[in-house]
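Chemist: Show me the folded form of this:
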Amino acid sequence: LPGRLTPLGVQRMRDVGAFVRERYIEGFHWKKQDEPGPKGFLQADYQTHPEDWDFVAREGYRQQRSMAAISLGIFPNEPVPITVEPRLTDPVLGGPAPACGSRTAKMIVDWHKDKGAKMLSDHWDVAAAFENICQVNLTGNPVNAKPGGPNPHAWIGDISDSLDSAFACGVELPQEITPELHDQLTRLAFALQEGSHYDDPKGAIMFAGAFPKVLLSNFEAWTVQNNTAKRPKKAPRIRMYSCSRELMYGLEHLFGWETTIPNQPTGRVTSGTTFIWELHLESDLLEPSRYGLVVRSYWWTPGMQHPRKLQEHVALTTFRKSYEDYVSLHGGTWEEICDFEHFNPAHNHHEDSGFVNPSTVPEDHADENSASDAPKLSGQSTSEPSEPQVGSKNETDEGELVPSSGQPPATNSAALIEPSYPAPRSSSSHAAVWVIAGLVALGVVGAVMYRRRQSQSSYRRI
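Modeler: As a prediction, this is how the structure comes out:
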């Protein structure tokens, strides 16, 4: 059924969870070759260590059921709570942010009427074949645009998605659909989606929404004091998110990343594809006594043994700068592009200039008569000393999939904490902290933190 998970889709989500469990609970991929058995970083049961985990899903049948399946892959016999933010107030996993919905809808429809119609015309042999097979009229590149919907789809794209699902589930297909024709349809539909959503550089900003800021703030909440990383108070060791592919494509365009899944167009993600971010505490090669935080970014998809790089390792400050440079060059943040100040989430539309979104009002300008004794945000993170926990790691693995830590900011995207330590110019591998975050198409995001002691094979969980 449209919008539903197939049995294969459920299994792929469980595979994501099994991968997380295998690597970070059982520690299978982390053990050294001369060790008799693996040792994991996280505890094997949720019941006694719920503070280590946070599961977050975008509102929606597929996303919520995907996260449920992922959690079952990690904890086969334990139910876990899943946090869901209402879609109309979720700029983090909304893909796009709700305030951007009317703008993205117009951008997509206008592109399909002009450039999309020409692209379809240039590949009419493919469109004509599926006109005959599906008994539909594709003349003019028709678009399925729901009133008020933020993400219109070209009909040819819906046909491609349906064919992918049928093929994956072993449905007998008409003889006219050859492997070559299937591949041509996939590439045409993906090119139409990429063009309509991201030809305008602002599209990447709107579809990525607040997620980059959440990722950065989660990482920046970790502080470095005396060459030791301090964990934010009450922060989970691993956070996992389920989302839709448009958010992941937005991140690809925003940061210049590419996935290379076999038999797929470059950049295309499939069900279960996961983006992973690790935060490492590493020493500077030129000044070994100085430590800083470095971000390592990877991607993984079911069937792969190890994640692959999305980009080279960079200092956390450089990672932030790459985001800020893009939004500065292409019109500003999603809040600025989409006029978040005048967006009314209660009605899901923009009001006149007299209305001000309460989420955009600074705390020091709040109504003095409002009843609230809660302390105001100071912009500082609370840290607690590290707790010892022994584990092991296979240093030959280039990439690690783990979910993200830190508490996400409120939906009004509060100011992010800037690290007070200098960024390392280059890093050595003899001392590292991993705080990892991952993002999956209908899949995952999260984070975990470890610190390896110098010249030892053991790790101390922070």
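
Chemist: my guess is Tyr241 is in a strand, correct?
Modeler: Yes. Counting by DSSP: H, G, I helix; E, B strand; the rest coil, Tyr241 is found in a strand.

Chemist: tell me the mean pLDDT for stretch 329-337?
Modeler: Per-residue pLDDT over stretch 329-337 has a mean of 95.

Chemist: Start and end of it, how far apart?
Modeler: 12 Å (Cα to Cα, to the nearest Å).

Chemist: How about stretch 338-351?
Modeler: Stretch 338-351 has its terminal residues 12 Å apart, counting by Cα to Cα.

Chemist: In it, which residues are buried?
Modeler: Cys338, Asp339, Phe340, Glu341, His342, Phe343, Pro345, Asn348, His350 (16 or more other Cβ atoms under 10 Å). Placement of C-beta: from N, CA and C, glycine included.

Chemist: Can you tell me which of those residues is nearest Thr223?
Modeler: Of all those, Thr223 sits closest to Phe340, with 29.3 Å by Cβ to Cβ.

Chemist: wait, what's in contact with the closest one?
Modeler: By Cβ atoms under 8 Å, 6 or more residues apart in numbering, the residues touching Phe340 are Pro91, Ala97, Ala99, Trp334, Asn357, Ser359, Thr360.

Chemist: Show me the residues you listed that map onto helices.
Modeler: When DSSP state H is applied, those are split such that Trp334 fall in helices.

Chemist: Show me just the buried residues among the contacts of Phe340.
Modeler: Pro91, Ala97, Ala99, Trp334, Asn357, Ser359.

Chemist: is it true that the fifth one touches His347?
Modeler: No. The pair Asn357 and His347 does not pass the contact test of Cβ atoms under 8 Å, sitting 11.4 Å apart.

Chemist: ok, back up a step: closest one to Pro232 out of the buried residues of stretch 338-351, please.
Modeler: So of the buried residues of stretch 338-351, ranked by how close each gets to Pro232 (Cβ to Cβ), first place is Phe340, at 26.2 Å.

Chemist: Mark which of the buried residues of stretch 338-351 are part of strands, please.
Modeler: Judged by DSSP state E, those include Phe343, His350 as members of strands.

Chemist: The buried residues of stretch 338-351: which two are farthest apart?
Modeler: Comparing every pair within the buried residues of stretch 338-351 by Cβ to Cβ identifies Glu341 and Asn348 as the most remote, at 15.7 Å.

Chemist: on that earlier part again, nearest to Gly73 among the contacts of Phe340?
Modeler: Pro91 (28.0 Å).

Chemist: Mind pulling up the pLDDT for the closest one?
Modeler: Here, the pLDDT recorded for Pro91 equals 93.

Chemist: cool, and Arg451?
Modeler: Looking at Arg451, the pLDDT reads 34.

Chemist: For burial, what's the neighbour tally of Asp45?
Modeler: Asp45: 12 surrounding residues under other Cβ atoms under 10 Å.

Chemist: I'd like the buried ones among the contacts of Phe340 laid out as JSON lines, including distance to Leu192.
Modeler: Output for these, formatted as JSON lines (distance: Cβ to Cβ, whole Å):
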{"residue": "Pro91", "distance to Leu192": "26"}
{"residue": "Ala97", "distance to Leu192": "23"}
{"residue": "Ala99", "distance to Leu192": "25"}
{"residue": "Trp334", "distance to Leu192": "23"}
{"residue": "Asn357", "distance to Leu192": "33"}
{"residue": "Ser359", "distance to Leu192": "34"}
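
Chemist: which residues of this protein score low on pLDDT?
Modeler: Across the chain, the ranges flagged by pLDDT under 70 are 1-3, 28-40, 147-148, 353, 361-462.

Chemist: would you list every one of the helices in it?
Modeler: Going by DSSP H, the chain shows helices at 7-24, 61-74, 101-111, 117-122, 124-134, 155-168, 179-198, 202-208, 211-220, 245-255, 316-329, 334-337.

Chemist: which one of those helices is the most hemmed in?
Modeler: helix 202-208 (a mean of 27; mean count of other Cβ atoms under 10 Å).

Chemist: tell me what it is packed against?
Modeler: helix 101-111, helix 179-198, helix 245-255, helix 316-329, helix 334-337 (3 or more Cβ pairs under 8 Å, 6 or more residues apart in numbering; DSSP states H and E).

Chemist: what's the second one in contact with?
Modeler: When you say that, I think you mean helix 179-198. For helix 179-198, contacts defined as Cβ under 8 Å, 6+ apart pick out 104, 107-108, 111-112, 115-116, 119-120, 123, 126-127, 129-130, 141, 152, 154, 156-157, 159-161, 163-164, 167, 203-204, 207, 246, 249-250, 253, 263-265, 267-268.
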